[in-house]
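Undergrad: Fold the following and give me the result.
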Amino acid sequence: MSAPIRIVVADDHLIIRQGLRLIMETQEGFEMVGEAADGEEAVNLCDELKPDVVLMDLRMPGMDGLTAIEILRTKQPEIAVVILTTFNEDDLMMRGLRMGAKGYLLKDTDRETLFNTIRAASRGETLLRPEIMKRVLAQGNETGAVTSSPADLTERELEVLRGVAQGERSKEIAMRLGITERTVKAHLASIYNRLGVDSRAAAIAVAAQRGIL
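TA: Numbering: from 1, shown residues only. You can find the predicted model right below:
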């Protein structure tokens, strides 16, 4: 039996932290190992506990979630961060994804989406619900996205990127395109390099902002 996914929750609302802890306790394969009320506490807890995933609120007193994400991506890039917030924060969401957050969860999300998103993040993958992806793409258009030159990404890389934007896993992209998972990962590495990012979520956010998607 595999070890449970170890999770830290950072949110300044006690009721959110308590609610998530109760949910985690009812599901095998997940363990909430710590909780923080602000970004600084979250960073310190991650340094101490070395969790697999952090659910990070963006608006907190003191050090906010964006600052905490930036610090974690520098100090502990192996820890997957999932943004935990509300629908009216599109600009903050985009900034968090560009900084390397693996995904985005609404505070009123359902259990299945919560667990699937955490599982994906722990694997280093990104799982964005279709309605959230639409907001990412729309936000990119609203900021005056400039269409990238076709030379920036190859046609195959664009096919892989579109699969990522649709929430497909590497295995699913490989099957659809008739290539190996290893080749998909090689294309992803090239995409990251060309876009100057280091995660699927950041690639989606930057591609949307540049008008590639």
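Undergrad: residue nearest the centroid of this protein?
TA: Nearest residue to the geometric centre of the chain (CA atoms, centre = their mean): residue 102, 1.7 Å.
Undergrad: these two touch, right, it and residue 80?
TA: Yes: using CB atoms under 8 Å, residue 102 makes contact with residue 80 at a distance of 4.6 Å. Glycine gets a C-beta too; all of them are placed from N, C-alpha and C.
Undergrad: what sits in contact with each of those two?
TA: Common neighbours of residue 102 and residue 80 are listed as 53, 121, 124 (criterion: CB atoms under 8 Å, 6 or more residues apart in numbering).
Undergrad: Toward the C-terminus, what is the element adjacent to the helix or strand of the chain with the lowest mean pLDDT?
TA: Sorting the helices and strands of the chain by mean pLDDT, DSSP states H and E puts helix 130-142 at the bottom, at a mean of 61. With elements assigned by DSSP states H and E, the helix or strand that comes after helix 130-142 is helix 155-165.
Undergrad: For that next one, what is the distance to the chain centroid?
TA: Centre-to-centre, helix 155-165 and its host chain are 18 Å apart (CA atoms, centre = their mean, to the nearest Å).
Undergrad: What helix or strand is the residue nearest to residue 152 when sequence neighbours are not counted located in?
TA: Excluding the flanking residues, the one nearest residue 152 by CB to CB, 6 or more residues apart in numbering is residue 194, at 5.8 Å. Element membership for residue 194, per DSSP H and E: helix 181-195.
Undergrad: elements contacting that helix?
TA: Packing partners of helix 181-195 (3 or more CB pairs under 8 Å, 6 or more residues apart in numbering; DSSP states H and E): helix 155-165, helix 170-177, helix 200-209.
Undergrad: before we move on, the earlier item: quick one: residues contacting the residue nearest to the centre of the chain.
TA: So residue 102 contacts 53, 80-82, 120-121, 124-126, 199-201 (CB under 8 Å, 6+ apart).
Undergrad: On the pLDDT front, check residue 127 for me.
TA: On pLDDT, residue 127 comes in at 67.
Undergrad: cool, residue 95 as well?
TA: Residue 95 carries a pLDDT value of 82.
Undergrad: Spell out the secondary structure type for it.
TA: At residue 95 the chain is in helix, as set by DSSP: H, G, I helix; E, B strand; the rest coil.
Undergrad: how about low-confidence regions in the protein?
TA: 1, 87-88, 127-151, 213 (pLDDT under 70).
Undergrad: Can you give me the domain boundaries for it?
TA: Following automatic domain parsing, one gets these domains for the chain: 5-127, 139-209.
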